[in-house]
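Undergrad: Here is a sequence together with a model predicted from it:
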Amino acid sequence: MEKDSPRIQVNLHGKVACVTGAGRGIGRAIALTLGRAGAAVACVDVNGQAAESVAEEIRALGKAQAVGFACDVTNSEQVTQTVEAIVEKLGGLHILVNNAGITRDGLLLRMKDDQWDSVINVNLRGTFLFTRSAARYLIRAGGARIINIASISGLMGNPGQANYSASKAGVIGFTRTVAKELASRQVTVNAVAPGFIATEMAQALGEQVLEEIKKRTPLGRLGDPQDVADVVLFLASEAASFITGTVIRVDGGLAE
């Protein structure tokens, strides 16, 4: 099997997907996985060069069209313009993956206003803005999918991450509400809650912390970005057409 390739077979030919935070880590894995399944992929990232680099990787697969877009997900005007450009260049929108996210960790008593605001703005406001702008196109598409990347920190909390946990808990509540609002339009809305995944974000915690996390995780390892991407691929498929308002944990059994 090709390295980092999906472990389930899904055909997304004729679909257009938008993945935010696609420039690296989990977002890159999701974008590549949807591209391998045949979807045309809009790779969105605040770093336009990184977004286009992933789009190049997808095009090199020879299975789907891909375009990189630079966009600050906290900027309402930029988000609206980006969604319109995606629809114009790729011919529609069927799948939205709200993955863009950041951390600015710190204990509550030492947390600065900007640490709180920046995390809430990117992780929660960004999810809201992209969903609002994309919704009318997704409704027109029929049988569309919104998949929000949350976190087990939003389910169980995590010391030093009051801002991140609050933002991801917000994403989960947002997911459940929008699922009910869009169900009559046949748009499903679900969330994926990863545990600790082997990305640059996790590596910043340090080896000692990561070893302790592995010990606490029943499956005894960190997740791989592909573990998350495969669940996103399933939720984007016809096999998940009767699933909405759900949070799927991808955490090796860590959350209780």
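TA: Okay, I see it.
Undergrad: So which bits of the strand or helix carrying Glu52 are buried?
TA: Assigned by DSSP states H and E, Glu52 belongs to helix 48-61. For helix 48-61, burial by neighbour count (16 or more other Cβ atoms under 10 Å) applies to 50-55, 58. The C-beta positions use only the backbone N, C-alpha and C, and glycine is treated the same way.
Undergrad: Closest one to Asp227 out of those residues, please.
TA: Ranked by distance to Asp227 (Cβ to Cβ), these are led by Val54 at 18.5 Å.
Undergrad: Just to confirm, which residue in the chain is farthest away from the center?
TA: Leu109 (29.7 Å; Cα atoms, centre = their mean).
Undergrad: Need phi/psi at the residue nearest to Ile197 when sequence neighbours are not counted.
TA: Residue nearest to Ile197 in three dimensions, not counting chain neighbours: Gly223, with 4.3 Å by Cβ to Cβ, 6 or more residues apart in numbering. Main-chain dihedrals, Gly223, degrees, to the nearest 10: phi -80, psi 160.
Undergrad: Neighbours of the nearest residue in space to Gly14 that is not next to it in sequence, how many?
TA: Distance criterion Cβ to Cβ, 6+ apart; nearest residue to Gly14, sequence neighbours excluded, is Gly38 at 7.7 Å. Other residues near Gly38 come to 16 when the count uses other Cβ atoms under 10 Å.
Undergrad: Work out for me the element Cys43 sits within.
TA: strand 40-45.
Undergrad: between the buried residues of helix 48-61, which is nearest Asp105?
TA: Ala50 (22.4 Å).
Undergrad: And the strands in the protein, which stretches?
TA: In the chain, the segments counted as strands under DSSP state E are 16-20, 40-45, 66-70, 95-98, 145-149, 188-194, 247-250.
Undergrad: Throw those strands into TSV and include mean pLDDT, distance to Asp114 and mean neighbour count, thanks.
TA: Formatted as TSV, the strands of the chain follow (pLDDT from 0 to 100; distance: least, Cβ to Cβ, whole Å; neighbours: other Cβ atoms under 10 Å):
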stretch	mean pLDDT	distance to Asp114	mean neighbour count
strand 16-20	98	22	31
strand 40-45	98	21	31
strand 66-70	98	23	21
strand 95-98	98	22	30
strand 145-149	98	23	26
strand 188-194	98	25	25
strand 247-250	97	29	19
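Undergrad: which residues touch the residue nearest the centre of the chain?
TA: With distances taken as Cα atoms, centre = their mean, the residue of the chain nearest its centroid is Asn99 (2.4 Å). Contact analysis of Asn99 by Cβ atoms under 8 Å, 6 or more residues apart in numbering lists 19-22, 26-27, 30, 149.
Undergrad: check contacts around the residue nearest to Gly14.
TA: 11-15, 63-64.
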